[in-house]
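> Sequence and predicted structure are below.
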Amino acid sequence: MFSVFATSSGLSGLLTDGREFLAAVRLARSDALWLLLLIPLLGMLNRWAARRRKHAVAAIGRPAALAGQLTHPRPARRWLGLTYTLAWVLLVLGIAGPRWGKSDEPGVAVGRDIVIVIDLSRSMLAEDMTDPKAKSRWEGARAGALDLLGAIARRGGHRVGVVVFASRPKVVCPLTTDYKHAKAILEDINGAFPPVECKAGADPNIRSGTRFGSALVAAVETHDPRFVGSRDIFLISDGDDPEEYDNEWVGGKNAAHAASIPVHAVGVGSATQPTAMTFGTEQVETQLQEKLLQQIAADTGGHYVAARTGTPRLGEFFHDRIEGQATRTIEGEDQVPQPKERYPWFLAPALLLFLLGWLRGR
């Protein structure tokens, strides 16, 4: 019994270590993995060519009789197909630029700074999202933020920060390259129980439970002023502000514009019909207000992402629209260790396998 338990524990430990290792691997050119789709195509072409050769030989005479007349008959080498397949896989993985571990020399962090701002006001409790695992708006916003963080972490070098807000903003994660910490912060967000610092309290100057302006100002202040042109803010919200006509949001929008930081506004919630909500004896209706979010994005040079009732696919958006833009370079005292390039571990055996296959296949 003890040996079975020990074996099971050891296997579980290996699986855990394997998952942690895979999570630590970064790919400099992840798009290269699409080349793996060419391997089955090459296999089918090779199969087709082999059949053509077989039919050509059959047209001359019986293959067995012809083989007996050869001075040096070629033996079947079925294993060569596996050799070339493995070589192609290793070649593609090497081209993708795998990196893990830490470089022996101090690295230079090259990337963009991204601050994610998540709305945790009461309207974000509305359950009008289509994902059964993220029915409420705040859950959809959190899922979109995690998707964005995954894209940020795949390349590495980018820094990410997190701000949540309702009546007040709170910086829950300053800019960092510690993606595990940022992920833990995002996973811990609960729209049903926002931080007490986000509530209005007894402040008579706060007229609404949704203050976009102060949240954007906090996001601007979270950014590093040294890296103009390589900074972004992602504002994930339903745009629903009971006091929208007091124009409180204008101050935050102007702060982002003055700092040359584009705000990419992400709209979550139903845009076609209001969703009814009950708070105690109070009944209210809430709906995605896209005009305000579109205005913030347009005035700051950002984009508007209409996620609506679907989970925001911010990782794809970041890869397509943001990641290729200008990056900041951190040097000197702010240098951070970077993952070590490991592509030779894949390219070298790939070339050896190609050479082996060529020599044995002659």
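Now that the structure is in, tell me what you want to look at.

> Domain ranges for this structure, per the record?
2-101, 109-334 (automatic domain parsing).

> mean pLDDT for those domains: which is lowest?
Mean pLDDT across the domains of the chain is lowest at domain 2-101; the value there is a mean of 70.

> returning to what we had before: and the domains of the chain: which comes nearest Pro344?
Of all the domains of the chain, domain 2-101 sits nearest to Pro344, with 7.6 Å by Cβ to Cβ. For the C-beta atoms, the positions are set from N, CA and C on the backbone; glycine is no exception.

> State the helix or strand in which the residue positioned nearest the centre of the chain lies.
Residue closest to the average C-alpha location in the chain (Cα atoms, centre = their mean): Ala151, at 1.9 Å. Ala151 is located in helix 137-155, with elements delineated by DSSP states H and E.

> How far does that helix sit from its chain's centre?
7 Å (Cα atoms, centre = their mean, to the nearest Å).

> got the buried residues for the helix or strand hosting Gly357?
Element membership for Gly357 (DSSP H and E) is helix 344-360. Using 16 or more other Cβ atoms under 10 Å as the test for burial, helix 344-360 gives 346, 350, 353-354, 357.

> most neighbours per residue, which of the domains of the chain?
Across those, the average number of neighbours (mean count of other Cβ atoms under 10 Å) peaks for domain 109-334, which reaches a mean of 19.

> ok, now how distant is Glu290 from Lys54?
Distance, Glu290 to Lys54, by Cβ to Cβ, to the nearest Å: 63 Å.

> Actually, Ser30.
40 Å.

> can you check Phe193 too?
Distance from Phe193 to Lys54, by Cβ to Cβ: 70 Å.

> likewise Val171?
Applying Cβ to Cβ to Val171 and Lys54 gives a distance of 69 Å.

> got the CA positions of the host helix or strand of Ala87 in PDB?
Following DSSP H and E, one finds Ala87 within helix 79-95. Taking C-alpha atoms only, helix 79-95 is exported to PDB below (Å, rounded to 0.1, in the frame of the first residue of the first chain):
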ATOM      1  CA  TRP A  79      11.800   4.300 -39.800                       C
ATOM      2  CA  LEU A  80      13.100   7.100 -42.000                       C
ATOM      3  CA  GLY A  81       9.600   8.700 -42.100                       C
ATOM      4  CA  LEU A  82       9.600   9.000 -38.300                       C
ATOM      5  CA  THR A  83      13.100  10.400 -38.400                       C
ATOM      6  CA  TYR A  84      12.100  13.200 -40.800                       C
ATOM      7  CA  THR A  85       8.900  13.900 -38.900                       C
ATOM      8  CA  LEU A  86      10.700  14.300 -35.600                       C
ATOM      9  CA  ALA A  87      13.300  16.500 -37.400                       C
ATOM     10  CA  TRP A  88      10.600  18.800 -38.800                       C
ATOM     11  CA  VAL A  89       8.900  19.100 -35.400                       C
ATOM     12  CA  LEU A  90      12.200  20.000 -33.700                       C
ATOM     13  CA  LEU A  91      13.000  22.500 -36.500                       C
ATOM     14  CA  VAL A  92       9.700  24.300 -36.100                       C
ATOM     15  CA  LEU A  93      10.000  24.400 -32.300                       C
ATOM     16  CA  GLY A  94      13.500  25.900 -32.700                       C
ATOM     17  CA  ILE A  95      12.300  28.600 -35.100                       C
END
